[in-house]
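K.L.:
structure for the following, please:
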Amino acid sequence: MLPEQFKRWLVDPGRWPLVMGVLNVTPDSFSDGGRYADPAAAIAHAREMVAQGADLLDVGGESTRPGSARVPAEEQVRRVQPVIEAIVAEKLGCVISIDTTRADVARAALEAGAGLINDISAGMDDPAMLPLAASAGVPIILMHMQGQPATMQERPTYRNVVEEVGRYLKERMEAAMAAGVRQGDILLDPGIGFGKTVEHNLELLRHLSSLEILGRPLVLGTSRKGF
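P.N.:
Numbers count the residues shown, from 1 in each chain. Sure, this is the predicted structure:
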């Protein structure tokens, strides 16, 4: 689905909240053990999630579970591109999101038909990501994460998790806008489970209103988290 349709959804209270289905096309995913690494299985699961009410499908070719290793951009593209193309051909009526921190992967996914970038590094891993979102005119999710997936759950520490996450998201939103991304194309994710203890996660969920003052839609990835 085109980014323009998703942008209309974002400003339409009648569609809130939007539900995102996660489609991991990796052999070592956090939640499903690589059951959808095969393209045929991934497409069948995409149909199932849309039938169950998913508005968006977040396709990722690199696991970001605690302790995970990085996957080269070329391999990510090999995993996600045929799946995205097949979902687009199915005309399921959903928005396809590409879950990656690499601009090369995001570019290939957008060319295949994705309409949203989901970057857990908020544009920090690849300096080309924010300019890509700006030039493509697509929405982008900017997420907070303390550390990197390989080490983020070792000893996460904050003085005030709500204030620190809010400050970081504000800074990354400003960086995106400086790169040319429209404010209306930015979504913010506090990063539940990404460099946070159980207590940090719950504190963020209790005080989401403190993040709403940033004026952008919030994305919450609470599905199948250990807490």
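K.L.:
which residues touch stretch 213-227?
P.N.:
If you take Cβ atoms under 8 Å, 6 or more residues apart in numbering as the criterion, stretch 213-227 is touched by 10, 20, 22, 30-31, 118, 141, 143, 166, 169-170, 173, 183, 186-193, 198, 201-202, 205, 208, 211-212. Where you see a C-beta, it was placed from the backbone N, CA and C, and this is true even at glycine.
K.L.:
let me fix that: stretch 51-58
P.N.:
Under Cβ under 8 Å, 6+ apart, the answer for stretch 51-58 is 6, 9, 15, 18-23, 46, 49-50, 87, 92, 94-99, 116, 118.
K.L.:
stretch 83-94 now?
P.N.:
Against stretch 83-94 from outside (Cβ under 8 Å, 6+ apart): 1, 21, 23, 25, 39, 42-43, 46-47, 50, 54-57, 59, 96, 98, 109, 112-114.
K.L.:
residue 21: what secondary structure?
P.N.:
strand (DSSP: H, G, I helix; E, B strand; the rest coil).
K.L.:
where does it land on pLDDT?
P.N.:
At residue 21, the pLDDT value in this model is 95.
K.L.:
how much space between it and residue 114?
P.N.:
Distance of residue 21 to residue 114, computed by Cβ to Cβ, to the nearest Å: 14 Å.
K.L.:
same question, residue 102
P.N.:
13 Å.
K.L.:
then residue 23?
P.N.:
Distance from residue 23 to residue 114, by Cβ to Cβ: 11 Å.
K.L.:
which one's more surrounded, these two?
P.N.:
residue 114 (31 against 25; other Cβ atoms under 10 Å).
K.L.:
secondary structure element for the more buried one, which one?
P.N.:
Assigned by DSSP states H and E, residue 114 belongs to neither a helix nor a strand.
K.L.:
show me the contacts for it.
P.N.:
59, 84, 96-98, 106, 138.
K.L.:
low-confidence regions, this protein specifically.
P.N.:
Applying pLDDT under 70 to the chain flags the ranges 1-2, 28-37, 64-68, 150-152, 225-227.
K.L.:
tell me where it has helices.
P.N.:
Here the chain has its helices, by DSSP state H, at 3-10, 39-51, 73-90, 103-112, 129-136, 161-178, 198-206, 208-212.
K.L.:
how about the second one as PDB, C-alpha atoms only?
P.N.:
Only the C-alpha atoms of helix 39-51 are listed here, as PDB (Å, rounded to 0.1, in the frame of the first residue of the first chain):
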ATOM      1  CA  PRO A  39       9.000 -17.100   1.500                       C
ATOM      2  CA  ALA A  40       5.900 -19.300   1.000                       C
ATOM      3  CA  ALA A  41       5.500 -19.700   4.700                       C
ATOM      4  CA  ALA A  42       6.000 -16.000   5.200                       C
ATOM      5  CA  ILE A  43       3.300 -15.100   2.600                       C
ATOM      6  CA  ALA A  44       0.800 -17.500   4.100                       C
ATOM      7  CA  HIS A  45       1.400 -16.000   7.600                       C
ATOM      8  CA  ALA A  46       1.000 -12.500   6.100                       C
ATOM      9  CA  ARG A  47      -2.400 -13.500   4.800                       C
ATOM     10  CA  GLU A  48      -3.300 -14.900   8.200                       C
ATOM     11  CA  MET A  49      -2.300 -11.800  10.100                       C
ATOM     12  CA  VAL A  50      -4.200  -9.500   7.800                       C
ATOM     13  CA  ALA A  51      -7.300 -11.700   8.200                       C
END
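K.L.:
no more questions from me, cheers.
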